[in-house]
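**Student:** Okay, here's the prediction I keep looking at, along with the sequence it came from:
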Amino acid sequence: MHYAFVINGRHDKAFIEDEVKAQLKDVRIDYQIYKTASEGDATRFVKIYCDFHPDDEVCFVACGGTGTLSEVVNGVIGSRNKSVALLAYGSGNNFPLSFPGRNFRSVKDMLEGETLQSDVIKCNNDYAINVINLGFDSMAAFFGAQYILEGKDKPYLRGTVRSIFFNRFNNYRIIVDGERMSRGTTMFCTIANASYYGQNYKCAPYAKVDDGHMDVEVNRSTTLLTFVLMYRHFKDGHHVENAFCRRRMKFKNARHVELSSKSLIYLCVDGELVASRHFDINLIDKAVTLRLPAKKED
């Protein structure tokens, strides 16, 4: 087995390489390190590597956040004898929260772990392994990115506040396995393969990456007061069981989702913004071999 450590090369992530190299001193494996140069570079590297080594057994270790993991997954789709692991160095580290009791920063635990055949979500020509979301929360990410470019402090908090006030009423056509789930305006929608997104919000408490379906939740628009009352339930993942929240949302386990709108939809695909007026979203069964860290006994 060859291990290719794909490290997020952003300047504020420079510490990752040092930490990974320090851990590699204590293990004996065949490995290489690749630092990304720009957005999308991890996908390009993995695709090229797979093309030149089609039959080699390789584990690509994403060293970064969910975005780095997603890029590696997009690169490995369709390749033989390839697996994906994660050393979690992201700001939120949402994906590991779906696998409690596992240390996603330990090379040793990763090597001693187990594999799982994970589903992925195909969204037009991109793939997601964690969560796709749209509505006020994806627009919060859109505005947050704008505030970063403008040099504003607390950009994502500013973006969230702006979106809560001005993007709770969205006109989407949402078709889930042939059923129209959007009536009137929509506050937000999540299409989940795993459980957490954003700042550790448990959007899909029952989602599992190998259960053969997406967990789809559509929340209709509400008043600001109602949104505030629902907020804490969304944070902890209790909204699914809460009667007050359930009256304002629809749930469905699904294989196919179609999103459309007369205006551009800004969609967050594993945290990365993409824009279109139409998205065709499908679950792909057992598309990626995921290498999980060893689970610690309680």
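**Tutor:** Right, received. Where do you want to start?

**Student:** what about Phe166, distance to Ser195?
**Tutor:** 28 Å (Cβ to Cβ, to the nearest Å). Yep, even glycine has a C-beta here, placed from its N, CA and C like the rest.

**Student:** likewise Ala140?
**Tutor:** Distance from Ala140 to Ser195, by Cβ to Cβ: 20 Å.

**Student:** again, but for Leu225
**Tutor:** 28 Å.

**Student:** So the two - more neighbours on which side?
**Tutor:** Neighbours per residue (other Cβ atoms under 10 Å) separate Leu225 from Ser195, with Ser195 holding more: 23 against 8.

**Student:** Contact partners for the more buried one?
**Tutor:** 97-98, 202-207, 237 (Cβ atoms under 8 Å, 6 or more residues apart in numbering).

**Student:** which strand of this structure spans the most residues?
**Tutor:** Criterion DSSP state E: the longest strand present in the chain is strand 272-292.

**Student:** Strand partners (parallel or antiparallel) of that one?
**Tutor:** strand 82-88 (parallel), strand 114-123 (antiparallel), strand 256-269 (antiparallel) (DSSP bridges).

**Student:** mind listing what's buried in it?
**Tutor:** 272, 274, 279, 281, 283, 287-292 (16 or more other Cβ atoms under 10 Å).

**Student:** Run through the residues that contact Lys82.
**Tutor:** 50, 57-60, 76, 289.

**Student:** Next step: these restricted to helices.
**Tutor:** 50, 76 (DSSP state H).

**Student:** most surrounded residue in the contacts of Lys82?
**Tutor:** Phe60 (28 neighbours).

**Student:** For this protein, which segments count as helices?
**Tutor:** 15-24, 41-52, 66-76, 107-111, 136-149, 155-166, 224-236, 243-246.

**Student:** want to try CSV for these, with mean pLDDT and distance to His213 as columns?
**Tutor:** Formatted as CSV, these follow (pLDDT from 0 to 100; distance: least, Cβ to Cβ, whole Å):
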stretch, mean pLDDT, distance to His213
helix 15-24, 94, 34
helix 41-52, 97, 26
helix 66-76, 95, 18
helix 107-111, 95, 28
helix 136-149, 87, 22
helix 155-166, 87, 29
helix 224-236, 86, 21
helix 243-246, 89, 19
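
**Student:** looking at those, which is buried most?
**Tutor:** helix 66-76 (a mean of 26; mean count of other Cβ atoms under 10 Å).

**Student:** could the contacts of Ser195 go into a markdown table alongside neighbour count and distance to Leu86?
**Tutor:** As requested, the contacts of Ser195 are exported to a markdown table (neighbours: other Cβ atoms under 10 Å; distance: Cβ to Cβ, whole Å):
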| residue | neighbour count | distance to Leu86 |
| --- | --- | --- |
| Leu97 | 17 | 12 |
| Ser98 | 19 | 11 |
| Lys202 | 22 | 19 |
| Cys203 | 25 | 19 |
| Ala204 | 25 | 19 |
| Pro205 | 15 | 21 |
| Tyr206 | 12 | 22 |
| Ala207 | 23 | 17 |
| Gly237 | 16 | 21 |
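
**Student:** which of the residues in stretch 182-192 are buried?
**Tutor:** 182, 186-192.

**Student:** Go through these and name the one nearest Thr43.
**Tutor:** Within those, the smallest distance to Thr43 is 20.7 Å, found for Ile191 (Cβ to Cβ).
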